[in-house]
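S.K.: curious how this folds, go ahead:
(one chain, ligands or ions: 1)
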Amino acid sequence: MINLILFGPPGSGKGTQAEKLVEKYKLLHISTGDLFRYEMGNDTELGLKAKEYISKGELVPDSITTGMLKNKVVANPDVAGYIFDGYPRNVNQSESLDEILNEKGESVSILLSLDVDDEEIVKRILNRGKTSGRSDDNDESIIRNRIAVYKSETTPVFDFYAKSNKSKMINGIGSIEEIFDRLCAEIDGLN
Ligand code: AMP
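M.R.: Got it, this is the predicted structure:
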């Protein structure tokens, strides 16, 4: 199995690249952000709770997020592997993901981090906000808070997997195809 963490700040292109990777490697794409948006769209109890945090650019509590992620993994046991997009977002979530995969006799194969600078991110997200319908993509102060949360809480996840030599930094600037090729080179190197 390939268990890939697609990592990087908001707006670094994880969703775009995940779509292409799914096609090539037939993996299941699990985006916690997408799962939350689905719940919010259906006004579920989980969605309403998550909205309190997402609207401010803060992380949804681990108890809610990890339960939702685990349900998705458990519901899809027979896949070629997973692309985790937007999870784990702190070290506690990394430990939970390792446990969830351990229970299946699996582990994280690689973490690929898309490297994009802050000003490019703000530009990309504001641009995406014109069509995404996401309120957290339209307000520059919320975007800057998401970047700050990424730096303080999420970047330690890179170091967590670097301890077992699984973390790789990928240049996230270039055309979609160029970045895709960089990611594929790392994934193909796993075998
Ligand atoms: P994303 O689509 O990955 O940018 O996620 C949008 C928002 O959903 C984030 O800004 C967080 O508020 C929330 N979110 C997504 N994934 C997580 C996670 N793993 N842990 C906590 N909050 C999350």
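S.K.: for the ligand, what's its nearest residue on this protein.
M.R.: For the chain, the residue closest to the ligand is G33, as judged by C-beta to the nearest ligand atom, at 2.0 Å. Where C-beta positions appear, they are placed from N, C-alpha and C, glycine not excepted.
S.K.: right, and that residue touches F84 too?
M.R.: No: with contact defined as C-beta atoms under 8 Å, G33 and F84 do not form a contacting pair (11.5 Å).
S.K.: out of these two, which sits in the more crowded spot?
M.R.: F84 (27 against 19; other C-beta atoms under 10 Å).
S.K.: got the contact list for the more buried one?
M.R.: Neighbouring residues of F84 by C-beta atoms under 8 Å, 6 or more residues apart in numbering: N3, L4, I5, L6, I30, L69, L97.
S.K.: make CSV out of those residues and add pLDDT and secondary structure.
M.R.: As requested, the contacts of F84 are arranged in CSV below (pLDDT from 0 to 100; DSSP: H, G, I helix; E, B strand; the rest coil):
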residue, pLDDT, secondary structure
N3, 98, strand
L4, 98, strand
I5, 98, strand
L6, 98, strand
I30, 98, strand
L69, 98, helix
L97, 98, helix
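S.K.: report the contact partners of R128.
M.R.: Contacts of R128 (C-beta under 8 Å, 6+ apart): G11, R134, D137.
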